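Visitor: All I have is the shape, not the residue letters:
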């Protein structure tokens, strides 16, 4: 049985709404997928359209029971672009109550501003000292604002939905993009800024450390955006912090990455499996109809009792 035999993926709002009138579709959990290429990446070279090439497909493969997936993920999207989808939480409220909102957003906000976010290379500075703090603060605010708005609209119009977010792994300093055909180029995203600012005079290890500092800021902005917005009820948002799993997610081999910022099929399988294991331990996976918040509340009570 293929993934699409078991799951139902909707790209159009009308198709999604009509599914609520079908039996048994309306008994399956509804998952909104909102984000960038980590939920939409098609794979590269020999892995093109292989499966799973992104997190959404990996979750679909792990979800043994059927689910409805409303796919709004767009490769390369920034939080500004994804904000255009947020009103759908209100527009669909009468017909569809989502059980989960899977979100992957924020990385592109930083990557598209790599030149502004990095100082010129200086061998006397540490990796963290190469970050332009004022520029980072502006992007941190933009990304945090997106997640706070998402939580606000979820609370108002989709109160049953559990938001499932994640941080990013620090990529290796791989000077390789997704596509290069003549003048058409997609990526790399960080290396051009590093080359222009003199970082190729440093070792690859040093460049990796700088990229790790950048990715830590991305993940922290997402974590804070979800936690601050959720106030006294942090269990209503789930954030997977890859930084808490350094051994299981030490994806530093060339085979773990498809290009500079996207994992390979093997990399996504490994990353998502660690995330799923963490969700299972909190009773948040597999996805179930009308059970997300109850499971989250149960997990929160368990953690309080054991602390």
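Guide: Thanks, I have it. Because the structure is a prediction, the values reported are computed rather than measured.

Visitor: Just after the helix or strand that residue 32 is a member of, pick out the following helix or strand.
Guide: Per DSSP states H and E, residue 32 falls inside strand 30-35. Next along the chain after strand 30-35, taking DSSP H and E as the criterion, comes helix 55-62.

Visitor: Show me where the stretch 101-250 of the chain has its helices.
Guide: 107-111, 114-117, 133-157, 191-196, 204-229 (DSSP state H, counting those that start in this stretch).

Visitor: Return the most buried member of those.
Guide: Each of those was scored by mean neighbour count; the highest is helix 107-111, a mean of 24, by mean count of other C-beta atoms under 10 Å. Any C-beta I mention is one placed from the backbone N, CA and C, and that applies to glycine too.

Visitor: who touches stretch 64-73?
Guide: Stretch 64-73 has contacts (C-beta atoms under 8 Å, 6 or more residues apart in numbering) with 6-11, 16, 19, 24-25, 28-37, 39-40, 54, 56, 60, 82, 85, 88, 96, 98, 104, 286-288.

Visitor: Tell me which residues of that stretch come out buried.
Guide: Neighbour counts over stretch 64-73 (16 or more other C-beta atoms under 10 Å) mark 67, 68, 69, 70, 71, 72, 73 as buried.

Visitor: If the fourth one is in a bridge, with which residues?
Guide: For residue 70, the beta-bridge assignment (DSSP bridges) gives partners residue 10, residue 32.

Visitor: mind checking how far it is from residue 257?
Guide: 29 Å (C-beta to C-beta, to the nearest Å).

Visitor: ok, now the third one?
Guide: Shown here: residue 69 relative to residue 257, a distance of 26 Å by C-beta to C-beta.

Visitor: can you check the first one too?
Guide: In this view, residue 67 and residue 257 are 29 Å apart by C-beta to C-beta.

Visitor: The last one now?
Guide: For residue 73, the distance to residue 257 (C-beta to C-beta) stands at 20 Å.

Visitor: The second one now?
Guide: Summarising the geometry, the distance separating residue 68 from residue 257, computed by C-beta to C-beta, is 32 Å.

Visitor: Flag the shaky bits of the stretch 51-200 of the chain, pLDDT-wise.
Guide: 51-52, 171-187 (pLDDT under 70).

Visitor: what's across from the most centrally placed residue in the chain in the sheet?
Guide: Residue closest to the mean C-alpha point of the chain, counted by C-alpha atoms, centre = their mean, is residue 104 at 2.4 Å. With DSSP bridges as the criterion, residue 104 is bridged to residue 35.

Visitor: Apart from its neighbours in sequence, what residue is nearest residue 39?
Guide: Among residues not flanking residue 39 along the chain, residue 73 sits closest, at 3.8 Å (C-beta to C-beta, 6 or more residues apart in numbering).

Visitor: Quick one: classify the one you found as helix, strand or coil.
Guide: coil (DSSP: H, G, I helix; E, B strand; the rest coil).

Visitor: And for residue 94?
Guide: Under three-state DSSP, residue 94 comes out as coil.

Visitor: try residue 251
Guide: coil.

Visitor: list the contacts for the closest residue to it other than its chain neighbours?
Guide: What sits nearest to residue 251 in space, not counting adjacent residues and going by C-beta to C-beta, 6+ apart, is residue 267, at 5.3 Å. Contacts here follow C-beta under 8 Å, 6+ apart; on that basis residue 267 touches 251, 255, 256, 257, 258.

Visitor: cool, and residue 41?
Guide: 53, 54, 75, 258, 262, 268.

Visitor: can you tell me how far it sits from residue 93?
Guide: Applying C-beta to C-beta to residue 41 and residue 93 gives a distance of 30 Å.

Visitor: go on, residue 156?
Guide: On the measure of C-beta to C-beta, residue 156 and residue 93 end up 9 Å apart.

Visitor: Ok, residue 262 next?
Guide: For residue 262, the distance to residue 93 - C-beta to C-beta - is 34 Å.

Visitor: do the same with residue 13
Guide: Counting by C-beta to C-beta, the gap from residue 13 to residue 93 is 12 Å.
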